[in-house]
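> predicted model and sequence below, questions to follow.
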Amino acid sequence: GESVGLHLPTLSVQEGDNSIINCAYSNSASDYFIWYKQESGKGPQFIIDIRSNMDKRQGQRVTVLLNKTVKHLSLQIAATQPGDSAVYFCAEGGATNKLIFGTGTLLAVQP
Amino acid sequence: DTEVTQTPKHLVMGMTNKKSLKCEQHMGHRAMYWYKQKAKKPPELMFVYSYEKLSINESVPSRFSPECPNSSLLNLHLHALQPEDSALYLCASSLNDRGNTGELFFGEGSRLTVL
């Protein structure tokens, strides 16, 4: 859903399912992208990054896809677990750009 | 050591108080940052220090005063704050201050409440 006021976009998934979190970025000059996970009461934690010369990068249970044509980034989490419940932020940066965070998506994993 | 340590974890202050938030890293990073985060919002950049010099001030009110005593420490001095300044204040560090040279490492944040 759309973010309105104090409401974060929320993705609700069943434990064991795959999750896909999407992000649209704004600056075509951005050449570096990061996904952060933020659990309640904690600071953002690095998940995975990707540079603009790649369109896919895989980590442990996570995959980031980058589509520069439409300025879109996605984070795929395989076999989602209750411990994956958190807010996920994408962030974009470049050689002269500050790292700028997107709106965030709340991932709620149902047991 | 890949940690950014922030103190205090929680702070309650009145509008006439003077207090400071502290941040420390020992990763040899030369860029350090203060971000402000309100509930259900992304972190918003406040200040960037690069090689111990203030390189970015995102039009932050003067009641927030940053200080970088050395390459490992970053302070945020608070004076005459308003209730709307209540937020989570996050410190971060990175290898340098260009936005494409690697991740920012974040601390756990200082939760500030202004009464």
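Cool, the structure landed.
> and the residue of chain A nearest chain B?
residue A:93 (2.6 Å; CB to the nearest CB). C-betas here are computed from N, CA, C, even on glycine.
> please report how far that residue lies from residue B:66.
21 Å (CB to CB, to the nearest Å).
> who has more neighbours, these two?
residue A:93 (25 against 20; other CB atoms under 10 Å in any protein chain shown).
> burial count for residue 85?
Just so you know, I chose chain A. 18.
> looking at chain B here, not the other one
Residue B:85 - counted by other CB under 10 Å - has 19 other residues nearby.
> that one - nearest residue in space that isn't next to it in sequence?
Distance criterion CB to CB, 6 or more residues apart in numbering or on different chains; nearest residue to residue B:85, sequence neighbours excluded, is residue B:114 at 5.2 Å.
> in chain B, which residue sits closest to chain A?
Counting by CB to the nearest CB, chain B gets nearest to chain A through residue B:99 (2.6 Å).
> which strands or helices does the worst-scoring helix or strand of chain A on mean pLDDT pack on?
Lowest on mean pLDDT, DSSP states H and E among the helices and strands of chain A sits strand A:100-101, with a mean of 91. Here strand A:100-101 touches strand A:86-93, going by 3 or more CB pairs under 8 Å, 6 or more residues apart in numbering or on different chains; DSSP states H and E.
> let me see the mean pLDDT of the strand it packs on.
Mean pLDDT, computed over strand A:86-93, is 95.
> what's in contact with it?
The contact list for strand A:86-93, computed with CB atoms under 8 Å, 6 or more residues apart in numbering or on different chains, reads A:8, A:21, A:23, A:25-27, A:30-40, A:44, A:47, A:73, A:75, A:99-107, B:42-43, B:98-100.
> list the buried residues in the helix or strand encompassing residue B:45.
Here residue B:45 is covered by strand B:44-50, with elements defined by DSSP states H and E. Buried residues in strand B:44-50, defined by neighbour count with 16 or more other CB atoms under 10 Å in any protein chain shown: B:44-50.
> who's the residue most central in space within chain B bridged to?
Closest residue to the average C-alpha location of chain B: residue B:34 at 2.7 Å, with CA atoms, centre = their mean. Taking DSSP bridges as the rule, residue B:34 bridges to residue B:47, residue B:91.
> tell me who's in contact with it.
B:23, B:45-47, B:64, B:66, B:74, B:76, B:89-91.
> and the furthest pair within the residues you listed?
Farthest-apart pair in the contacts of residue B:34 is B:23 and B:45; separation 14.6 Å (CB to CB).
> in the chain, where is pLDDT below threshold?
This is for chain A. Along chain A, the model assigns pLDDT under 70 to residues A:1-7, A:97.
> to clarify, I was referring to chain B.
B:1-2.
> for it, what spans make up the strands?
B:4-7, B:10-13, B:18-25, B:31-37, B:44-50, B:53-57, B:64-70, B:73-79, B:87-94, B:105-106, B:110-114 (DSSP state E).
> same deal with chain A?
For chain A, applying DSSP E gives strands covering A:10-14, A:19-24, A:32-38, A:45-51, A:56-58, A:62-67, A:72-77, A:86-93, A:100-101, A:105-110.
> I'd like those written out as CSV, with distance to residue B:81 added.
As requested, these are exported to CSV (distance: least, CB to CB, whole Å):
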stretch, distance to residue B:81
strand A:10-14, 32
strand A:19-24, 32
strand A:32-38, 24
strand A:45-51, 28
strand A:56-58, 41
strand A:62-67, 38
strand A:72-77, 35
strand A:86-93, 25
strand A:100-101, 23
strand A:105-110, 29
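> brilliant, that's me finished.
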